[in-house]
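*Asks:* based on what follows, work out the 3D shape:
(one chain, ligands or ions: 2)
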Amino acid sequence: MAKVKYIAGKEPHAKEHRMIFRNVDREGWDTSLATYQKEGGYKQLAKALKMEPKAVQEEVKAAGLRGRGGAGFPTGVKWGFVPPNNTKPVYLICNADESEPGTFKDRYIIHQDPHQLIEGLIISAYAVGAHLAYIYIREEFPEGAQILETAIEEARKQKFLGKNVCGTGFELEIYVHRGAGAYICGEETGLIESLEGKRPYPRIKPPYFPAAMGLYLCPTIVNNVESLCHVKHIIDMGADAYGKLGTPRNTGTRILCVSGDVKKPGYYEIQVGKVTMGELINDMCGGMKEGRKLKAVIPGGSSSKILRADEKFTLKQGDKDVEIGIEDIPMDFDSLMACGSMAGSGGVIVIDDSRAISWVLNNLNTFYAHESCGQCTPCREGSAWMKKITDRIVSGNASPEDVDTLESVAYNIDGKTICAFGEACSWPTEAMVAKFRDELIGDTDGKNAKRPVSKETQEAAKNLKSLTT
Ligand SMILES: Cc1cc2nc3c(=O)[nH]c(=O)nc-3n(C[C@H](O)[C@H](O)[C@H](O)COP(=O)(O)O)c2cc1C
Ligand code: SF4
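*Replies:* Numbering: from 1, shown residues only. Ligands and ions are numbered 1, 2, ... in the order given. Got it, this is the predicted structure:
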């Protein structure tokens with residue numbers, strides 16, 4: 001493959017492995033079908049259409065692709081959940097809601113390489129037997145929706161979509177559906193409700209596992225934008241070669257979105273597990289801001305549990321248990337889970353020693369209290385209570401007992417709700433209270449009064465003081 005030239009100043013880091021983001025920030029690249037085809041675009045579709053749908057599924061399963069939307073569930077296994085004796089239509093939905101705070105990768109694929117997504121989507125629809133696919137895109141991405149509409153029209157004109165895809169008799173239409181602008185619209189069953197024209201109230205599982213009872217109660221596969229793009233590359237290189245990227249249970253590449261207190265925040269595509277947290281922060285992101293030290297990392301989107309900079313973790317290496325520090329954690333699904341957190345949606349939020357944890361937690365609690373759909377009492381009430389308590393802590397109006405109450409509220413949400421938002425909103429509190437209890441209590445009894453805090457923390461304290469007194 002020809003060497004790619006990138007826009008000056010936007011070149012990938014030497015430790016990156018650009019596959020999905022190969023064309024992002026590429027010099028002379030545009031979103032047209034002509035440009036995409038010049039680089040071999042839609043050849044993988046032609047290749048896939050020569051295979052049996054089941055063989056495409058098996059290839060994706062053998063490649064070990066795990067979903068990039070949050071849970072890391074194996075994509076090929078999920079596709080196999082469509083009931084074998086199904087007589088109803090099957091739908092495929094591309095989840096382009098990208099709502100998890102700290103995550104900003106799908107939008108770049110859509111904005112800069114829409115045909116890669118469309119090609120992956122067509123191959124995936126063929127594999128699962130869908131003749132209708134939706135791209136559910138967040139309301140706040142109007143330009144992205146327009147780019148996709150244009151790309152779909154171009155693909156339709158070239159017979160990559162329609163009644164007779166590439167002359168094979170396979171039929172597929174893709175529609176772009178603009179979302180309702182809520183975090184919960186990213187949760188797959190909330191998304192399906194929204195697509196049906198209703199409030200995005202998540203459905204209870206069981207029985208509403210989308211692969212069996214999804215859109216209009218028909219079998220439905222929901223996949224993330226990045227996951228669907230990987231399918232095209234698996235067909236291109238074959239499961240074996242794809243499986244050699246990354247590490248054995250964590251194959252391929254993935255895009256990490258780094259935000260927070262590093263010198264060079266941004267997107268970095270790595271081979272899964274081949275880069276450690278230390279390499280990511282210190283090499284790829286240029287290290288911490290001048291004069292600042294690493295305090296903690298939220299490694300997989302805002303819902304993932306925080307990791308302290310001075311924490312020790314135990315990882316299995318072969319038969320041995322090895323103790324490691326935060327900088328040695330390989331950036332993959334299994335390692336981050338073994339360290340008590342998760343790789344989630346790939347949003348890595350780096351926190352330095354100028355940040356008060358009460359401010360960080362309050363920021364998240366404000367978001368979750370606003371975004372709860374309100375169906376379940378523990379989540380609706382609890383997320384608002386957690387916000388009120390951290391409002392009090394940040395503004396200096398809390399008592400030390402408030403920290404215990406905060407923790408107890410979180411544990412009364414976790415595992416007691418209809419959808420995983422319950423965990424998403426309680427895990428940050430559970431982990432931050434467990435790991436920064438002294439600091440949080442110190443915020444309530446004046447012991448932290450002299451510590452240096454960032455401008456944002458001081459600003460939040462000032463604003464909240466006027467609200468809570
Ligand atoms: C509250 C909540 C929000 C979510 N938001 C998104 C999102 O914005 N994008 C996404 O792909 N998955 C999101 N998910 C995960 C989806 O429910 C679903 O698991 C995912 O789209 C499946 O795709 P994958 O298997 O390709 O990862 C969210 C889950 C929860 C619980
Ligand atoms: S857990 Fe929260 S977001 Fe999910 S259904 Fe219940 S109230 Fe709605």
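*Asks:* can we go C-alpha only for contacts and neighbour counts from here?
*Replies:* OK.
*Asks:* give me the low-pLDDT residue ranges for the chain?
*Replies:* 1-2, 446-447, 449-454, 457, 460-461, 464-469 (pLDDT under 70).
*Asks:* can you list the residues of it near ligand 1?
*Replies:* 67-73, 75, 95-100, 183-184, 186-188, 222-224, 227, 420-421 (CA under 6 Å from any ligand atom).
*Asks:* contact partners for residue 361?
*Replies:* Counting by CA atoms under 8 Å, 6 or more residues apart in numbering, residue 361 touches 390, 428, 429, 432.
*Asks:* next SSE after the helix or strand containing the third one?
*Replies:* Residue 429 belongs to helix 421-435 when assigned by DSSP states H and E. Going down the chain from helix 421-435, the next helix or strand is helix 437-444, by DSSP H and E.
*Asks:* tell me the helices and strands packed up against that next one.
*Replies:* helix 357-371, helix 377-394, helix 401-411 (3 or more CA pairs under 8 Å, 6 or more residues apart in numbering; DSSP states H and E).
*Asks:* between these, which gets nearest to residue 125?
*Replies:* helix 357-371 (31.2 Å; CA to CA).
*Asks:* can that closest one be found next to ligand 2?
*Replies:* No - applying CA under 6 Å from any ligand atom, one finds helix 357-371 separated from ligand 2 by no less than 7.2 Å.
*Asks:* nearest residue to residue 55 in space, please, no chain neighbours.
*Replies:* Distances taken as CA to CA, 6 or more residues apart in numbering place residue 127 nearest to residue 55, at 7.9 Å, with adjacent residues excluded.
*Asks:* residue contacts, the one you found?
*Replies:* Residue 127 sits next to 52, 53, 54, 55, 56, 57 when contact means CA under 8 Å, 6+ apart.
*Asks:* got the residue ranges for the helices in the stretch 251-400 of the chain?
*Replies:* For the stretch 251-400 of the chain, helices defined by DSSP state H, counting those that start in this stretch occupy the ranges 277-278, 333-338, 357-371, 377-394.
*Asks:* ranking the ones you listed by burial, who's on top?
*Replies:* helix 377-394 (a mean of 23; mean count of other CA atoms under 10 Å).
*Asks:* by proximity to ligand 2, which residue of the stretch 51-200 of the chain wins?
*Replies:* residue 184 (6.1 Å; CA to the nearest ligand atom).
*Asks:* circling back to that earlier point, now the helix holding residue 429 against helix 357-371, angle please.
*Replies:* Angle, helix 421-435 to helix 357-371, by axes from the mean of the first three to the mean of the last three CA atoms, to 10 degrees: 170 degrees.
*Asks:* mind saving the C-alpha coords of helix 421-435 as CSV?
*Replies:* Provided in CSV are the C-alpha atoms of helix 421-435 (Å, rounded to 0.1, in the frame of the first residue of the first chain):
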residue,chain,number,x,y,z
PHE,A,421,-26.6,3.8,32.7
GLY,A,422,-27.1,2.8,36.4
GLU,A,423,-23.6,1.4,36.5
ALA,A,424,-22.3,4.2,34.2
CYS,A,425,-23.4,6.9,36.7
SER,A,426,-22.5,5.0,39.9
TRP,A,427,-19.1,3.7,39.0
PRO,A,428,-17.3,7.1,39.0
THR,A,429,-18.6,7.8,42.5
GLU,A,430,-17.9,4.3,43.8
ALA,A,431,-14.3,4.4,42.5
MET,A,432,-13.5,8.0,43.4
VAL,A,433,-14.9,7.7,46.9
ALA,A,434,-13.0,4.4,47.5
LYS,A,435,-9.7,5.8,46.1
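*Asks:* hmm, who's touching it?
*Replies:* With CA under 8 Å, 6+ apart as the criterion, helix 421-435 contacts 184, 302-306, 308, 357, 361, 364-365, 368, 372, 378-379, 383, 403, 406-407, 410-411, 413-416, 440.
*Asks:* got the contact list for residue 277?
*Replies:* Residue 277 neighbours (CA under 8 Å, 6+ apart): 326, 327, 328, 329, 330, 331.
*Asks:* just these now: which is nearest residue 44?
*Replies:* Closest to residue 44, out of all of the contacts of residue 277 and judged by CA to CA, is residue 331, at 28.9 Å.
*Asks:* what's the burial count for the residue nearest to the closest one when sequence neighbours are not counted?
*Replies:* By the measure of CA to CA, 6+ apart, the closest residue to residue 331 outside its immediate chain neighbours is residue 273, 4.7 Å from it. Applying other CA atoms under 10 Å, we find 25 residues neighbouring residue 273.
*Asks:* one more: residue 58?
*Replies:* Using other CA under 10 Å, residue 58 is surrounded by 18 other residues.
*Asks:* and it, what does it touch?
*Replies:* Contact analysis of residue 58 by CA under 8 Å, 6+ apart lists residue 76.
*Asks:* and it, which of the three is it?
*Replies:* Per DSSP: H, G, I helix; E, B strand; the rest coil, the secondary structure class of residue 58 is helix.
*Asks:* returning to that earlier point: make a markdown table out of the helices of the stretch 251-400 of the chain and add distance to residue 296.
*Replies:* Shown next, in a markdown table, are these (distance: least, CA to CA, whole Å):
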| stretch | distance to residue 296 |
| --- | --- |
| helix 277-278 | 11 |
| helix 333-338 | 14 |
| helix 357-371 | 9 |
| helix 377-394 | 18 |
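*Asks:* picking that back up, which among the contacts of residue 277 count as buried?
*Replies:* Neighbour counting by 16 or more other CA atoms under 10 Å classes 326, 327, 329, 330, 331 among the contacts of residue 277 as buried.
*Asks:* phi, psi for the third one please.
*Replies:* Put plainly, it is residue 329. phi -70, psi 120 (degrees, to the nearest 10).
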